[in-house]
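Asker: Any chance you can model this:
(2 chains)
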Amino acid sequence: GVPLHHGMPEVCAPPSMVSAEQRQHAEHVFLSFRKSKSPFAICKHILETSKVDYVLFQAATAIMEAVVREWILLEKTSIESLRTFLLTYVLQRPNLQKYVREQILLAVAVIVKRASLDKSINCKSIFHEVGQLISSGNPTVQTLACSILTALLSEFSSSSKTSSIGLSMEFHGSCKRLFQEEGLRQIFMLTMEVLQEFSRRENLNAQMSSVFQRYLALANQVLSWNFLPPNYILSLSRATQNVTLKPTESWREALLDTRVMDLFFTVHRKIREDSDMAQDSLQCLAQLASMHGPVFPDESAQVSYLAHLVEGLLSMINGIEIEDSEAVGISNIISNLITMFPRSILTALPSDLFTSFINCLTLLTCSFGRSAALEEVLDKDDMVYMEAYDKLLESWLTLVQDEEHFPRGCFVQPAIQVFNSYIQCHLAAPDGTRNLSVNGISSHEEEEINELQEDDRELFSDQLSSIGMLGRVAADHCIPLLTSLLEDRVTRLHGQLQRTQQHLMASSDLGSVDRKVLDDLYEDIHWLILVSGYLLADDPQGETPLIPSEVMEFSIKHSTEVDINTTLQILGSPGEKASSIPGCNRTDSVIRLLSAVLRTSEVESRATRASLTELLSPQMGKDIVWFLRRWAKTYLLVDEKLYEQISMPLSTAFGADTEGAQWIVGYLLEKVINNLSVWSSEAELANDTVELLVTLVEKRERANIVVQCESWWNLAKQFASRSPPLHLLSSSVQRSLMKALVLGGFAHMDSDTKQQYWAEVLHPLQQRFLNLINQENFAQISQEEAVKQEIVATLEALCGIAEATQIDNVASLFSFLMDFLSSCIGLMEVYSNTPETINLIIEVFVEVAHKQICYLGETKSMKLYEACLTLLQVYSKNNQSRKRSDATAEEDQYQDLLLIMELLTNLLSKEFIDFSDTDEVFRNQDQGTPASNRTVSAADVVLYGVNIVLPLMSQDLLKFPSLCNQYYKLITFICEIFPEKIPQLPEDLFKSLMFSLELGMTSMSSEISQLCLEALSPLAEQCAKNQEKDTPLFIATRHFLKLVFDMLVLQKHNTEMTVAAGEALYTLVCLHQAEYSELVETLLSSQRDAVIYQRLADAFNKLTASSTPPTMDRKQKVAFLKSLEEFVANVGGLLCVK
Amino acid sequence: MCSAAPLTHRTMADPDLDFQTGESGASATYPMQCSALRKNGYVVLKGRPCKIVEMSTSKTGKHGHAKVNLVGIDIFTNKKYEDMCPSTHNMDVPSIKRIDYQLVNINENYMSLMSDNGEIREDLRVPENEVGKEIEAKFEAGDDFMVTVISAMGEECAVATKVLANK
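Answerer: Numbering: from 1, shown residues only, chains lettered A, B, ... in the order given. Just a heads-up that it's a prediction; the model follows:
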């Protein structure tokens, strides 16, 4: 017998009573018990006699695992009797602990599943048995029946919830498919009967209500079943969330019966005040609302199903006051039906019904929006209305994006209502209700906000996109509304700032200023600008954004009533009140909205000039430049060729070669310059500002206008001379500024001007740097603060220059930077004891490689490789015999290593991404060195780099996740790209590389383990190519064969890894056939049991049958991988037996 | 060759002594706007020269102005210091110097160090830490090696050793 009770007290005792060691030992007793062979008799005995729950639990687990493991060795009748035994056991013991009962039922479910494809066993009677349990009317028995069905459901779902029984995915898939056609539907019918029964009863006592709840949850599980379509291979992906209901054809009768849907509406009405149950009933309805696929015989069936659903939904919502706990569920139903039903089905609804639905949706959206605002004021943890509101806004977006399918204009009124309510919720009283709690009291709390908190424009980007889209749909209403609200706020802000200024002249104490009025205005302006930005323009990544068609049409529609001169006057006089300009009501509304933002910007700029910066809101400053950038990308120099029709006012004001465009570029430039000098202390605002500048110059057409502005040249000179205040900007802002200045240099200018420009921008940098480092006593003065600052500034600027790389400027930037790179290597010597400078120098190389390597042709690449190699050599020389022990020594080294690995990975990336066209971009410069003269290759640099990195990589450093990932990415790359270089490595380096691979395979995360496995095949192939035995690599691969063999055959591993491990195993087997046979022999000879021996021997034979003798041939490899999957399924579990 | 006047040194043992910075004209610290400080850079926190290991910003209320939160490690004592100030304010940044000397002798825990212009100084103790042990061991073994001395705000300390390559 097994001394099972012996281990029990230690496992179950409170932590204080037993030592960790005792506990571990006890757990070990259980684990080995579960692995013992044929434990059925003893388990039955334990179940019948033991009173200890934990022991019962373990006995049930042991039975389950053993049945699966020994299935083919067991008599079918004994399996059947085992199942009956377990079920009877549970039925007879209503007082079992819940977790014991569930475990036993799990064992039953596993047996039923394993048997379902085995024709010699009949386990289908289980549904009949469960049906009888349900009809018993006894709540305890009904609960048990529900537990059985739930267990079956989760076993057959073959999801992550399913027990691992060591069978192929194909087996799981077939079981699932069979189950969803029969068993699942029987469960659904049983469940419906129960729900029907309970919904008819007047009063439910607590016990009955609890049974009701369980069956409702079960119904939800059935309706959330992830149906496996025919011919699909089951993949064990992570539990997919939000499964939509796509039943097979055989479910037609069951699910198209309107009584099913009605039942769920009835059930919900009955239990909606119970928040837990209401979630389930609403989720069931949401699943029904997502139904699609072959279950519908034709469109008309789909239309009538949807009509019935919408009717039910409307009558449910209209009669009630919605509970908090219903909001999310209801919005899910709506969102599902809008997303899943084709537009043609939605429009085929009776028009009254459709209109009622849209009206209801409108009211619901506005109401959820208001409740969401209240939740924010109360700072609730659980934001149910916010979630529901998000869902509904998303649904609106889906609807209006397909507007052309719906009756013309049918969304305009709803859009106005939703838009108004959004604006209202975000404005302060009296126009809005922001921060008003239910009783009308406004709250105004200042909380600490850290830099990690996202800006509203990102945090609420989904909401804002929807609202912006609705604003376009109702542009006639929304654009003028935003304009007048914003103009009003700006006027008030202006007045308030003036009053505060007067107040300050009298008292000069900033503390005495009441910021409440100002903050309220800033918050109003904040939201108005965000909504305006989202309404007027999109921000697609990487593409040229177009003016939204609705906005264009709106502007065109009104262009005949517009006075263009007045419009331009309003645009061009941001310092004046818009309403004070005669004829101001005859202006183009789109331009007028931009003008309103410019007015805000102007008030801000003037306040900074009046030394009121401290009263301003940096948040508003960010909003302004964010808006201007988004606007400029879309509207500035609007390209008429991209549009079918273009609005006269827009093309007159912002088209190419217009005064308007020139004026606004000048204005934006002034804004940028002003911001950079007054807001250097606000990193995010400075950053948004410099991004606006980059936007202005990154497109050639815009840059052409920018470089004509005098202020641009002043900015360039000022920055080049490092005079205040630009040097106060953070280093990242300075880099982007440098980037912008370089990009501007590639604009169209006559050659004299261009020469002058570079003389102003880049040459001073070069000159100052050279003057400094060429001084005779540079080494002596190098530690002086002023010298160090100059060096740091130069290095920062170089990073910025590298960032400016584009395909059409890479030729000149590369030459410019290369000169510096060699000087930088000299700096490595001078500053060898100054870690922060070393770090920055490496960063320059990283940036240059990152931005330029993909464009460089062979000759240029080689130059860069050479420079990088020298850098690494100097670094290595200087660090080899250096010992540091100051506080930040480890941190500094960690950063150096990270950068070096980044550099190496960047250099390697050339192997994947290469835009160079045999030095095409350098055509005029290169004298074409023949390829055979190639001296340094990427491989040399990278391997040299690895040489430096490897000895410094300690297991401690590998605990930094980013470093660890970067490291393994790098070495896998190397093995894959340059396997031929590996055997040539110096012995020490080779050994540590192999050790790293082993470490990564065996004791790191599965992601890294997979990377290492992927590195093995190319290494083995390399060995096979060389045909040399007894090389270190050959010997190492032999060791890896054993590791991978053990991993696949003897250890539990996750299925994701089987493929990578399988590929590695196959190439290793090809290389070491004799050793492989030996491994198999050893394993077989250790088997005492003749039956198991035979099964194993057969399995191993089958495994290699398709590939004998194994050769490195793709077809054979694929065949092997297929057999391997079968192998793991058939005997994987068997070998884990002790 | 060397433009600087001889340093007036001060050992870590007598912190209360009044001191001057070595170079004429160069000050021990200089001011910098908080926002322009950088991670990996240096700052004076609670009167101590520190290397900045963490730097983040925050604000009070959505429309408030930025404040900078700094965490630094004292370059001599390894102690951690934190501070927070409005990002428009100036903070003191210590002038940091690192000079390599060749170790000539150790006499009663004081090192004889030779700068690259041949001047000898004998006013620095062997530090009582890992580097100190390293210095003593290398000296005992008769290695030729350099000692990196870091100095800031009048304090100095040996922080690293480097064996000469050509020996």
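
Asker: how close does A:Lys622 get to B:Asn69?
Answerer: From A:Lys622 across to B:Asn69, the span is 20 Å (Cβ to Cβ, to the nearest Å). The C-beta positions use only the backbone N, C-alpha and C, and glycine is treated the same way.

Asker: burial measure for A:Leu692, as a count.
Answerer: Residues lying near A:Leu692 (other Cβ atoms under 10 Å in any protein chain shown) number 25.

Asker: Tell me where chain A has strands.
Answerer: Shown for chain A, the strands assigned by DSSP state E span residues A:448-450, A:882-884.

Asker: per-stretch mean pLDDT over those, give me the minimum one.
Answerer: Note on the strands of chain A: lowest mean pLDDT is at strand A:882-884, with a mean of 80.

Asker: residue in the stretch 951-1100 of chain A nearest to chain B?
Answerer: A:Phe960 (14.5 Å; Cβ to the nearest Cβ).

Asker: deepest of the strands of chain A, which one?
Answerer: Neighbour counts (mean count of other Cβ atoms under 10 Å in any protein chain shown) averaged over each of those peak at strand A:882-884, with a mean of 19.

Asker: Centre of the chain to it, how far?
Answerer: Relative to its chain's centre, strand A:882-884 lies at 41 Å (Cα atoms, centre = their mean, to the nearest Å).

Asker: Starting from that strand, tell me which strands it pairs with and how they run.
Answerer: In the sheet, strand A:882-884 lines up against strand B:155-163 (antiparallel) (DSSP bridges).

Asker: which of the residues in the partner strand are buried?
Answerer: Residues of strand B:155-163 classed as buried by neighbour count (16 or more other Cβ atoms under 10 Å in any protein chain shown): B:155-162.

Asker: circling back: quickly note the distance from the nearest residue to the residue of the stretch 951-1100 of chain A closest to chain B once chain neighbours are set aside to chain B.
Answerer: Excluding its sequence neighbours, the residue lying closest to A:Phe960 (Cβ to Cβ, 6 or more residues apart in numbering or on different chains) is A:Tyr894, at 6.3 Å. In this view, A:Tyr894 and chain B are 12 Å apart by Cβ to the nearest Cβ, to the nearest Å.

Asker: And the strands in chain B?
Answerer: Using DSSP E, strands in chain B cover B:29-33, B:42-45, B:48-60, B:66-74, B:80-86, B:90-94, B:97-107, B:110-114, B:120-125, B:145-152, B:155-163.

Asker: Put the alpha carbons of the last one into CSV.
Answerer: Once side chains and other backbone atoms are set aside, the C-alpha atoms of strand B:155-163 remain, and they are given as CSV (Å, rounded to 0.1, in the frame of the first residue of the first chain):
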residue,chain,number,x,y,z
GLU,B,155,35.5,65.4,-1.5
GLU,B,156,37.6,62.8,-3.2
CYS,B,157,37.7,59.0,-3.3
ALA,B,158,39.3,56.2,-5.2
VAL,B,159,36.5,54.4,-7.1
ALA,B,160,38.2,52.1,-9.6
THR,B,161,41.4,50.4,-10.6
LYS,B,162,42.8,49.6,-14.0
VAL,B,163,45.8,47.5,-14.8
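
Asker: Domain map for chain B?
Answerer: Following the TED database, one gets these domains for chain B: B:31-94, B:96-163.

Asker: Need those domains in JSON lines (columns: distance to A:Gln755).
Answerer: Shown next, in JSON lines, are the domains of chain B (distance: least, Cβ to Cβ, whole Å):
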{"stretch": "domain B:31-94", "distance to A:Gln755": "33"}
{"stretch": "domain B:96-163", "distance to A:Gln755": "40"}
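
Asker: The ones you listed into JSON lines, with extra columns for mean pLDDT and distance to A:Ala289?
Answerer: Formatted as JSON lines, those follow (pLDDT from 0 to 100; distance: least, Cβ to Cβ, whole Å):
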{"stretch": "domain B:31-94", "mean pLDDT": "93", "distance to A:Ala289": "38"}
{"stretch": "domain B:96-163", "mean pLDDT": "92", "distance to A:Ala289": "67"}
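
Asker: follow-up on the earlier one: make TSV out of the strands of chain A and add distance to A:Leu117.
Answerer: Shown next, in TSV, are these (distance: least, Cβ to Cβ, whole Å):
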stretch	distance to A:Leu117
strand A:448-450	57
strand A:882-884	66
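
Asker: Would you mind listing what in the stretch 801-950 of chain A touches chain B?
Answerer: Neighbours of chain B within the stretch 801-950 of chain A, by Cβ under 8 Å from any Cβ of the partner chain: A:833-834, A:836, A:839, A:877-878, A:881-888, A:891-892, A:895.

Asker: ok, 7 Å please
Answerer: A:833-834, A:836, A:839, A:877, A:881-888, A:891 (Cβ under 7 Å from any Cβ of the partner chain).

Asker: Scan chain A for its longest helix.
Answerer: helix A:475-507 (DSSP state H).

Asker: Which strands and helices lie in contact with it?
Answerer: helix A:515-536, helix A:549-558, helix A:589-609 (3 or more Cβ pairs under 7 Å, 6 or more residues apart in numbering or on different chains; DSSP states H and E).

Asker: starting at the chain centroid, how far to it?
Answerer: 40 Å.

Asker: Neighbours of A:Asn879, how many?
Answerer: Neighbours of A:Asn879 (other Cβ under 10 Å): 17.

Asker: Local confidence estimate at it?
Answerer: pLDDT, A:Asn879: 82.

Asker: low-scoring stretches of the stretch 151-300 of chain A, by residue?
Answerer: A:160-161, A:166-170, A:231-241 (pLDDT under 70).

Asker: ok, which stretches of it are helices?
Answerer: In the stretch 151-300 of chain A, the segments counted as helices under DSSP state H, counting those that start in this stretch are A:169-181, A:183-200, A:206-223, A:252-256, A:258-271, A:275-289, A:299-318.

Asker: Kindly reformat the helices and strands packed on helix A:475-507 as a markdown table and extend each row with distance to A:Ile825.
Answerer: Output for these, formatted as a markdown table (distance: least, Cβ to Cβ, whole Å):
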| stretch | distance to A:Ile825 |
| --- | --- |
| helix A:515-536 | 46 |
| helix A:549-558 | 54 |
| helix A:589-609 | 44 |
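
Asker: looking at those, which is closest to chain B?
Answerer: helix A:515-536 (4.6 Å).

Asker: is any part of that closest one close to chain B?
Answerer: Yes - on the criterion Cβ under 7 Å from any Cβ, helix A:515-536 is in touch with chain B at A:519, A:522-523.

Asker: can you count the residues close to residue 77?
Answerer: Going with chain A. By the measure other Cβ under 10 Å, the count of residues near A:Thr77 is 10.

Asker: other chain: chain B
Answerer: By other Cβ under 10 Å, the residues close to B:Thr77 number 15.

Asker: what sits against the nearest residue to B:Leu113 once chain neighbours are set aside?
Answerer: Nearest residue to B:Leu113 in three dimensions, chain neighbours excluded: B:Tyr101, at 3.6 Å (Cβ to Cβ, 6+ apart). Neighbour list for B:Tyr101: B:113-115, B:146-147, B:149 [criterion: Cβ atoms under 7 Å, 6 or more residues apart in numbering or on different chains].

Asker: for the domains of chain B, which one sits closest to A:His748?
Answerer: Closest of the domains of chain B to A:His748 is domain B:31-94, at 34.8 Å (criterion: Cβ to Cβ).

Asker: distance between the ends of the closest one?
Answerer: With Cα to Cα, to the nearest Å as the measure, domain B:31-94 spans 9 Å from end to end.

Asker: How about stretch A:1022-1037?
Answerer: Termini of stretch A:1022-1037 sit 10 Å apart (Cα to Cα).

Asker: tell me the contacts of residue 113?
Answerer: Answering for chain A, as no chain was given. By Cβ under 7 Å, 6+ apart, A:Lys113 lies in contact with A:155-156, A:175.

Asker: Actually, chain B is the one I wanted.
Answerer: B:Leu113 neighbours (Cβ under 7 Å, 6+ apart): B:101, B:103-104, B:120-121, B:124, B:147.
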